[in-house]
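Asker: coords below, sequence missing:
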């Protein structure tokens, strides 16, 4: 949206009063309908929502301020606080929110879909003006709920042009595809893959998709990639490394769904007397501090966590103020070729 | 607080009108002051905030108490989410809260006292039934506010018998004193200390106190300990190591206020061509995963993060349910003598 449109847009945007007039109800009813829909009977609600759709009404700053007091509080539901995967991005997110006069409340879902839905509901009930979510995967009812509540939500850590939700992130599949191409170029033909549980985690499942795509493009069979799923953690990564190395033929490179798992794999390789990358190559994903502290330094995919967090805050604040969502933003990723990826033995 | 007080408390809660009367302004001004403070001149704002603090007013609370509706939401304000220092304890805290039917909302203060006070106020306004706080150090007005609000608060990560607040944690000074005794027993007489900024961080300042106590007990002069303060981080830890090694006589052991700083110090030592512990010993504090991943494995103080988090949840839920606070609980700590502490060269 350019500045010119911003300046004049306000005058052209439909107001709460327009919706009320169109639906033949009072503005109070429209407001109740948007903010506390359970207290409005179904037929009225439908009429109001129809008017909202027809006019293309979106609750802007003024309307929100009138209808429901803004709290200047933004919620974020992240899958885990225990590993540092989301920490840097969320820290940058909070710092930018602070600059914009907003406070952040964080909830962690422990990668549990049901708990995430509860926490989204709770943050909304506690008055969150907008919510940051990680990835797209969730029950459609949750999206409907946010839509009905007119609570702006922004997806981060993922990017998919084909999805309607506002998002800022990167293409997880493309990133892992590029890394896998690099691995294949070094002569590896039997790969292991240690992934987080992928059923309800689109970042994890997309990374597997990307690796498979690179293998297919190289004309390799599907079973050239042996996937083991586990929980994120150093200990679980180590155990999964031992498991995936039982595959026959034995993998010469093990791709890990994130740096925490990769550090666990490194530890297990060391314990098994395997030199990295002499006997086996190991790669990570994320480029968190752990990746550089690891010995040898971890080859991984750099995710622009700080930029993602900062810009996510700017977008979400704009949405809360009633601006139209920008198209999904792909920040891209970069390979960090350090010391754990070498030629196939 | 017993149940009787809870039942009758609602009637005594201060209203917006009380604040306005106390500050000698209109209710609209109070409201603007709380919701859009930039539009109120500084002197008026100060007067209103003083009245808010004195009366213990929090927006929305009256309604909540009248409805006698608990939100089953607990708030936690932690100094940082970026490093993993608090992550494991908070994860255990959340898991236990979940078992008890409570949801957790986390706010991060970035080690800023003013921001912490704001977030405590915001969590209270958002309906938090109880709040977990890290350490004791904060403006007495914040304690007064919580007291007046009747919002139970529990201190974690610290323990001081002399303080009135319910707490679960450990004696930071005693823990660092024991580690320092171990260092001195190995012949070290010139120590460096890399600390977080200690002015508003009682965990950090207590750890320095503990090191000084051990030195005094060994009959060493105060300047046998050279303290450098910096922000938590690997990079800042590395820079602080270079700085503290400029002290004359040169330190033969560098104590670090936490594991993150210690990993930075290890990196800087390696970069300077110093062998650890051959040329210089380095120690950490916390025993987070990083400590075991570091090479050589870090000698550090093990903090029982999971137990602290789990029991903190049980205590806070009991307080919310109106039980009397137990005496402050000292969980103790343990030395983890790994590979970075050796005899003085």
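Answerer: Done, it's in. If you're wondering where the values come from, they're calculated on a predicted model, not measured in any experiment.
Asker: who in the stretch 51-200 of chain A is up against chain B?
Answerer: Contacts of the stretch 51-200 of chain A with chain B, taken as Cβ under 8 Å from any Cβ of the partner chain, map to A:69-73, A:75, A:80-84, A:87-88, A:90-91, A:94-95, A:98, A:101, A:103-108, A:110, A:115, A:118-119, A:122-123, A:125-127. Bear in mind the C-beta positions are built from the backbone N, C-alpha and C, glycine included.
Asker: which of the residues you listed are buried?
Answerer: Among these, those buried by neighbour count (16 or more other Cβ atoms under 10 Å in any protein chain shown) are A:70-73, A:75, A:80-84, A:87-88, A:90-91, A:94-95, A:98, A:103-108, A:110, A:115, A:118-119, A:122-123, A:126-127.
Asker: host element of residue A:128?
Answerer: Taking DSSP states H and E as the definition, residue A:128 sits outside all helices and strands.
Asker: give me the contacts around the strand or helix carrying residue A:116.
Answerer: Under the criterion DSSP H and E, the helix or strand holding residue A:116 is helix A:113-125. Contacting residues not belonging to helix A:113-125 are listed as A:75, A:77, A:79, A:105, A:107, A:109, A:131, A:133, A:137-139, A:141-142, A:145-146, A:149, A:151, A:200, B:71, B:73, B:98, B:103, B:105 [Cβ atoms under 8 Å, 6 or more residues apart in numbering or on different chains].
Asker: distance from the chain centre to the helix or strand following that helix, please.
Answerer: For helix A:113-125, the following helix or strand on the C-terminal side (DSSP H and E) is strand A:130-134. Relative to the mean C-alpha coordinate of its chain, strand A:130-134 is positioned 9 Å out (Cα atoms, centre = their mean, to the nearest Å).
Asker: what about whichever helix or strand comes after strand A:130-134, distance to the chain center?
Answerer: Using DSSP H and E, the helix or strand that follows strand A:130-134 towards the C-terminus is helix A:140-149. On the basis of Cα atoms, centre = their mean, helix A:140-149 is displaced by 18 Å from the centre of the chain it belongs to.
Asker: can you list the helices and strands that helix A:140-149 packs against?
Answerer: helix A:113-125 (3 or more Cβ pairs under 8 Å, 6 or more residues apart in numbering or on different chains; DSSP states H and E).
Asker: let's go with 10 Å and repeat that
Answerer: helix A:27-35, helix A:42-55, helix A:113-125, strand A:130-134, strand A:153-156 (3 or more Cβ pairs under 10 Å, 6 or more residues apart in numbering or on different chains; DSSP states H and E).
Asker: which of the ones you listed sits closest to residue A:243?
Answerer: Nearest of those to residue A:243, taken as Cβ to Cβ: helix A:113-125 at 25.4 Å.
Asker: and the closest one, average pLDDT?
Answerer: Helix A:113-125 carries an average pLDDT of 93.
Asker: next one: stretch A:285-293
Answerer: Averaged across stretch A:285-293, the pLDDT comes to 88.
Asker: repeat that for stretch A:52-68.
Answerer: When pLDDT is averaged along stretch A:52-68, the result is 52.
Asker: just stretch A:266-273 next, same as before
Answerer: pLDDT averaged over stretch A:266-273 equals 96, rounded to a whole number.
Asker: only the buried residues of that stretch, if you could.
Answerer: Of the residues in stretch A:266-273, those with enough neighbours to count as buried (16+ other Cβ under 10 Å) are A:266, A:267, A:268, A:269.
Asker: quick one: that stretch near chain B?
Answerer: Yes - Stretch A:266-273 comes into contact with chain B when judged by Cβ under 10 Å from any Cβ of the partner chain, the residues involved being A:266, A:267, A:270.
Asker: just those residues: which are in helices?
Answerer: Mapping the residues of stretch A:266-273 next to chain B onto helices (DSSP state H) picks out A:266, A:267, A:270.
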